[in-house]
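Asker: One predicted model, sequence on top.
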Amino acid sequence: MKVERLTGDALQAALGDLAQLRIAVFRAFPYLYDGDLDYERHYLRSYTDNPRAVLVAARDGDRIVGAATGMPLTDHADASQISGPLPPVERIFYCAESVLLPDYRGHGLGHAFFDLREAEARKQGFDFTLFCGVVRPEDHPMRPEGYRPLDGFWRKRGYEKAEGVTATFHWTDLGDTEESPHTLQAWIRRL
């Protein structure tokens, strides 16, 4: 296994694989995202156009099995969707997502993703890192038996729920034909 920051030509070459990875991982609960390859490629290009952005990939040989992204919150399109009492946004580095295929979980890659993004945030002089996680009801009909949210992992990393801070993003759920709004809870850590 190799975890590396992708930049330049390596990032450009990986965009298709990264888009497919995001679609595959986000299909699972709690996101239940019915993804679109063109949208994903367009979204990921924002990381190629921003020198302050970071995209980290985990590889098993040549295969990308996980990825994590981040950039200053002021630079990210999601910033306008987040509302509630936050520190000044220019002090926040946004860890937009971490996606990892199920067979590779539990081996430290999630920690490596956070370590690399937090190191980049410190290097750029940020005081906080923030991410958002989707909120689904406990009795959601597609919640798998034995599902365990990642709250404990995030707390061990030093993150806490940012009380009163949420985001609303729109996507098409599996089985639906149109986008619908989804609430996400913000989690924050002082670096």
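Answerer: Perfect, thanks for sending it.
Asker: going forward, measure contacts between C-alpha atoms and count neighbours the same way
Answerer: Fine.
Asker: Who is Ala57 paired with across the strands?
Answerer: For Ala57, the beta-bridge partners under DSSP bridges are Glu4, Ala67.
Asker: Distance-wise, check it relative to Leu15.
Answerer: Summarising the geometry, the distance separating Ala57 from Leu15, computed by Cα to Cα, to the nearest Å, is 11 Å.
Asker: Show me which of those two is the more surrounded one.
Answerer: For Ala57 versus Leu15, the count of surrounding residues by other Cα atoms under 10 Å is larger for Ala57: 25 against 19.
Asker: What ranges does this structure have for its helices?
Answerer: Assignment of helices within the chain using DSSP state H yields the ranges 8-26, 37-48, 109-123, 151-156.
Asker: Which of these has the lowest mean pLDDT?
Answerer: Out of the helices of the chain, helix 37-48 stands lowest, with a mean of 85 (criterion: mean pLDDT).
Asker: which strands and helices sit next to the lowest-mean-pLDDT helix or strand in the chain?
Answerer: Using mean pLDDT, DSSP states H and E, the weakest-scoring helix or strand in the chain turns out to be helix 37-48, at a mean of 85. Other elements packing on helix 37-48 under the criterion 3 or more Cα pairs under 8 Å, 6 or more residues apart in numbering; DSSP states H and E are helix 8-26.
Asker: how far off helix 37-48 does the helix it packs on point, in degrees?
Answerer: On the basis of axes from the mean of the first three to the mean of the last three Cα atoms, to 10 degrees, helix 8-26 is oriented at 130 degrees to helix 37-48.
Asker: same for helix 8-26, what does it pack against?
Answerer: helix 37-48, strand 63-72, strand 92-100.
Asker: Dump those into a markdown table; add mean neighbour count as well.
Answerer: Compiled in a markdown table, the helices and strands packed on helix 8-26 are given as follows (neighbours: other Cα atoms under 10 Å):
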| stretch | mean neighbour count |
| --- | --- |
| helix 37-48 | 15 |
| strand 63-72 | 23 |
| strand 92-100 | 23 |
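Asker: In a markdown table, list these along with distance to Asp173.
Answerer: Compiled in a markdown table, the helices and strands packed on helix 8-26 are given as follows (distance: least, Cα to Cα, whole Å):
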| stretch | distance to Asp173 |
| --- | --- |
| helix 37-48 | 15 |
| strand 63-72 | 22 |
| strand 92-100 | 18 |
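Asker: Tell me which of these sits nearest to Ala24.
Answerer: Using Cα to Cα as the criterion, the shortest distance between Ala24 and these is 9.0 Å, found for strand 92-100.
Asker: Glu4: which of the helices and strands packed on helix 8-26 is closest?
Answerer: Ranking the helices and strands packed on helix 8-26 by proximity to Glu4 (Cα to Cα) places strand 63-72 first, at 9.4 Å.
Asker: Now do that closest one and helix 37-48, the angle between them.
Answerer: For the pair strand 63-72 and helix 37-48, the angle between their directions (the same axes, to 10 degrees) equals 60 degrees.
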